[in-house]
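Engineer: sequence isn't available, so here's the structure alone:
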């Protein structure tokens, strides 16, 4: 107890989080805190810890160097970026002693350290972690954080919830997660939960046998079994009916599917990614979405910024869209005038990246055979272009 008690910077009150798969270590740390931190939460791994940090007012994180799902050093860098005020205590779990039933007297390295001193990276390695993902454009700080988070979790089978406003590229992030994962050579199956009628959802997800219902003239494999070995992307997951949410939760817990019309149950190996353009936590709090399913889906949340929060990326993306359109037509793309660039950078972009793409496509048509897009070629769905901006 003396090791923790002697820490001068440790707060006398405030919430603490212990992240370790070692139950003995967690119990030992709680005992040594001796009521000095309230409340004390526990996490079994890195993704679980991040989810709890998102929801709580944690002041101290006790972090086991050995985590079952994430690299502790990478997690430290993420904590530094997203929760700069949190104090971190690094611990070394003694797995051998724990297996033998012997509790070590003190956890190793209980000294709290500023996160920044533990997050130094070689410039080349840092650049590799924050370079744009496949199919994505932009080098703003907000997007570099997204790229880092994706690369942090891509190699795992952890369930990821991709949140953000409509038009920010959530499916692109899902595809990048799949492409960077060991499952990249296996299927990537997309389910738009808002586009399938409720009466057909179960059969679409789990499949059915011939004669299972009127019109089932032949058996069909479901979307979940079709993704076996690969990735299942549930887009607009907030639109799932409550009844289907219960069935999806059971699949996530058991990794088993049962086709309609049969009693046979089969196991599948599927990584699940989900996306929502609404605040899923708020829906869960309001009873519109199952809390247990929300916690299961949001094991590792990734939040995409609105385009208005990443203005340095607007012009590079506009030029990229112009280049793609020019390539498709086999012609040299027009350039943007300074006034056009200024207006694009100042626009509110309620429709985000999708709106930008449509604005640029329209402008490239209106410019006809000209070589420069000016302010007069810009048309916005929400509000006109203002050359005086």
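Structural biologist: Arrived safely. None of the values given here were measured: they were computed from a predicted structure. Numbers count the residues shown, from 1 in each chain.

Engineer: distance of residue 297 relative to residue 291?
Structural biologist: Note on residue 297: its distance to residue 291, by CB to CB, to the nearest Å, is 11 Å. C-beta here means a position set from N, CA and C on the backbone, and glycine is covered the same way.

Engineer: looking at those two, which is more packed in?
Structural biologist: Set side by side, residue 297 and residue 291 show more neighbours around residue 297, with 26 against 12, by other CB atoms under 10 Å.

Engineer: please report how far that one lies from residue 343.
Structural biologist: For residue 297, the distance to residue 343 - CB to CB - is 39 Å.

Engineer: ditto for residue 330
Structural biologist: Residue 330 is 29 Å from residue 343, where distance means CB to CB.

Engineer: with residue 185 instead?
Structural biologist: Distance, residue 185 to residue 343, by CB to CB: 44 Å.

Engineer: next: residue 325.
Structural biologist: Using CB to CB, one gets 19 Å for the distance from residue 325 to residue 343.

Engineer: quick check: phi and psi on the residue lying closest to residue 241 once chain neighbours are set aside?
Structural biologist: Sequence neighbours aside, residue 198 is the residue nearest to residue 241 in space, at 5.0 Å (criterion: CB to CB, 6 or more residues apart in numbering). Residue 198 adopts backbone torsions of phi -60, psi -40, taken as degrees, to the nearest 10.

Engineer: what is the neighbour count of residue 198?
Structural biologist: Residue 198: 12 surrounding residues under other CB under 10 Å.

Engineer: list the contacts of the most centrally placed residue in the chain.
Structural biologist: The chain has residue 302 as the residue nearest its centroid, 2.5 Å off, counting by CA atoms, centre = their mean. By CB atoms under 8 Å, 6 or more residues apart in numbering, the contact set of residue 302 is 146, 149, 150, 153, 160, 161, 162, 163, 173.

Engineer: point out where the stretch 1-150 of the chain drops to low pLDDT.
Structural biologist: Applying pLDDT under 70 to the stretch 1-150 of the chain picks out residues 1-14, 35-38, 56, 93-127.

Engineer: what about the helices in it?
Structural biologist: Under the criterion DSSP state H, counting those that start in this stretch, the stretch 1-150 of the chain contains helices at 2-5, 23-33, 46-55, 72-82, 95-100, 123-130, 141-153.

Engineer: ok, the residue of the chain positioned farthest from its centre to residue 338 distance?
Structural biologist: In the chain, counting by CA atoms, centre = their mean, residue 369 sits farthest out from the average C-alpha position, at 42.2 Å. Between residue 369 and residue 338 the computed distance is 21 Å (CB to CB).

Engineer: same deal with residue 371?
Structural biologist: From residue 371 over to residue 338 the distance is 15 Å, taken as CB to CB.

Engineer: and what of residue 132?
Structural biologist: For residue 132, the distance to residue 338 equals 25 Å [CB to CB].

Engineer: which one of those two has more residues nearby?
Structural biologist: In this view residue 132 and residue 338 are compared by other CB under 10 Å, and residue 132 has more residues nearby, 16 against 9.

Engineer: in the stretch 251-389 of the chain, which spans are helices?
Structural biologist: For the stretch 251-389 of the chain, applying DSSP H, counting those that start in this stretch gives helices covering 280-285, 291-297, 314-329, 338-346, 352-366.

Engineer: mind putting the ones you listed into CSV with mean pLDDT?
Structural biologist: Converted to CSV, those look like this (pLDDT from 0 to 100):
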stretch, mean pLDDT
helix 280-285, 91
helix 291-297, 93
helix 314-329, 93
helix 338-346, 95
helix 352-366, 95
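
Engineer: of all the ones you listed, which one is nearest residue 274?
Structural biologist: With respect to residue 274, and counting by CB to CB, the nearest of the helices of the stretch 251-389 of the chain is helix 291-297 at 4.7 Å.

Engineer: and the contacts of that closest one?
Structural biologist: 51, 159, 161, 237, 245-246, 248-249, 252-253, 272, 274, 280-281, 283-285.

Engineer: just the buried residues of those residues.
Structural biologist: Among the contacts of helix 291-297, those buried by neighbour count (16 or more other CB atoms under 10 Å) are 51, 159, 161, 237, 245, 248-249, 252, 272, 274, 280-281, 283-284.

Engineer: got the end-to-end distance for stretch 287-296?
Structural biologist: Taking CA to CA, to the nearest Å, the first and last residues of stretch 287-296 lie 16 Å apart.

Engineer: quick one: distance of that stretch to the chain centre.
Structural biologist: Distance, stretch centre to chain centre, for stretch 287-296: 17 Å (CA atoms, centre = their mean, to the nearest Å).
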